[in-house]
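S.K.: Provided below are the primary sequence and the corresponding predicted coordinates.
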Amino acid sequence: MNKQEIKDRMDSLVEILNQYGYSYYVLDNPTVPDSEYDKKSRELEKLEKEYPEFAREDSPTQRIGGEPLDAFQKVTHETPMMSLGNAFNEQDLRDFARRAAEGVSGDITFVCELKIDGLAISLKYRDGRFVLGSTRGDGRVGEDITSNLRTIRSIPLSIKEAGTLEVRGEAFMPHKSFLALNKEREEKEEEPFANPRNAAAGSLRQLDPKIAAKRNLDIFLYGVGEWENSNITSHSESLDALHDLGFKTNKEWKRCKSIEEVLEYVAYWTEHRKDLNYEIDGIVVKVDSLDHQDELGFTAKSPRWAIAYKFPAEEVVTTLKDIELSV
Ligand SMILES: NC(=O)c1cc2c(=O)c3cc(F)ccc3oc2nc1N
């Protein structure tokens, strides 16, 4: 093959492997056997070694970056990443819904989402390339953990969107990965992680991306920070748009036309949360219309157009063994 044919072959391998990865990690619906993925991945790695000038930064072989960092750089969020106010019971939710309806013109609609118990993350894309990934930090300044986030296979390294797009989501560790990680730590007589959120946070705070890469983290995107070419008018449209751009969104979200529907959604997931293969610590209720969100605005800390209903803390069943140990 001549140089152009080699470059074309490498480009098509990147496209094919990224499409395989999207089906497997974002849609949870593998389209080819692992052997087919591995064969093409090995061919691409070989060509990238022989022709580094044609290697692309969105090649899946480049997900596990180079050397460990000495420290994380600070990142200032152009759009602050606020935190959610809390609701602890039905009355709190009814008060939130009433205040929101009073604060907007016209009929109000809500969107309910599962509250993923992980780490709030921002992903920035410029002209279709993943260029910056960061933690929430204090809401204004977070840490640049791009090299660790590149190892999360459900995060696309390139998208078909010109201009600047910044999306927000929750990085988390699925139950399966959490149990396997703690089993491995116990075998190595290391302290197990107390819960999946701590395990995800601990994994993303590693300076060596090779360690983060082994932790099988995942992410659900749930919002847009900055979107240069956006013409969306509601939160539910933005969830659909994120999905269409190739981001992993949580499929359990639901538009609710009344507080009664919100309360039904909360009751359902209070009971069925244990059927999920990831941890949730509540339900997020958001006003759907972006115009209504603008009318409601923010307090110093939180949006007035969203609230986090927190599940009651699960009573810890203390077994006799624990009591004996504690005496
Ligand atoms: N953990 C979550 O699953 C989750 C978290 C947030 C937020 O923290 C959040 C914070 C804001 F200021 C505004 C909207 C938000 O939406 C959110 N939506 C979610 N689904």
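M.R.: Yes, it's here.
S.K.: Tell me which stretches of the stretch 201-327 of the chain form helices.
M.R.: 209-213, 235-244, 259-272, 290-296, 320-326 (DSSP state H, counting those that start in this stretch).
S.K.: Could you provide these in JSON lines, with additional columns for mean pLDDT?
M.R.: As requested, the helices of the stretch 201-327 of the chain are exported to JSON lines (pLDDT from 0 to 100):
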{"stretch": "helix 209-213", "mean pLDDT": "96"}
{"stretch": "helix 235-244", "mean pLDDT": "97"}
{"stretch": "helix 259-272", "mean pLDDT": "98"}
{"stretch": "helix 290-296", "mean pLDDT": "98"}
{"stretch": "helix 320-326", "mean pLDDT": "53"}
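S.K.: Arrange the ones you listed in a markdown table, one row each, with mean neighbour count and distance to residue 10 as further columns.
M.R.: (C-beta placed from N, C-alpha, C; glycine too.) As requested, those are arranged in a markdown table below (neighbours: other C-beta atoms under 10 Å; distance: least, C-beta to C-beta, whole Å):
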| stretch | mean neighbour count | distance to residue 10 |
| --- | --- | --- |
| helix 209-213 | 19 | 22 |
| helix 235-244 | 19 | 27 |
| helix 259-272 | 16 | 45 |
| helix 290-296 | 17 | 41 |
| helix 320-326 | 8 | 58 |
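S.K.: Can you say which of the ones you listed is nearest to residue 227?
M.R.: Between residue 227 and the helices of the stretch 201-327 of the chain, the shortest separation by C-beta to C-beta is 8.1 Å, and it involves helix 235-244.
S.K.: rewinding a little: of the helices of the stretch 201-327 of the chain, which approaches residue 100 most closely?
M.R.: Closest of the helices of the stretch 201-327 of the chain to residue 100 is helix 290-296, at 6.2 Å (criterion: C-beta to C-beta).
S.K.: For the closest one, which helices and strands make contact with it?
M.R.: Helix 290-296 is packed against strand 280-287, with contacts defined by 3 or more C-beta pairs under 8 Å, 6 or more residues apart in numbering; DSSP states H and E.
S.K.: OK, contacts around residue 155?
M.R.: Contact analysis of residue 155 by C-beta atoms under 8 Å, 6 or more residues apart in numbering lists 123, 130, 133, 149, 219, 248.
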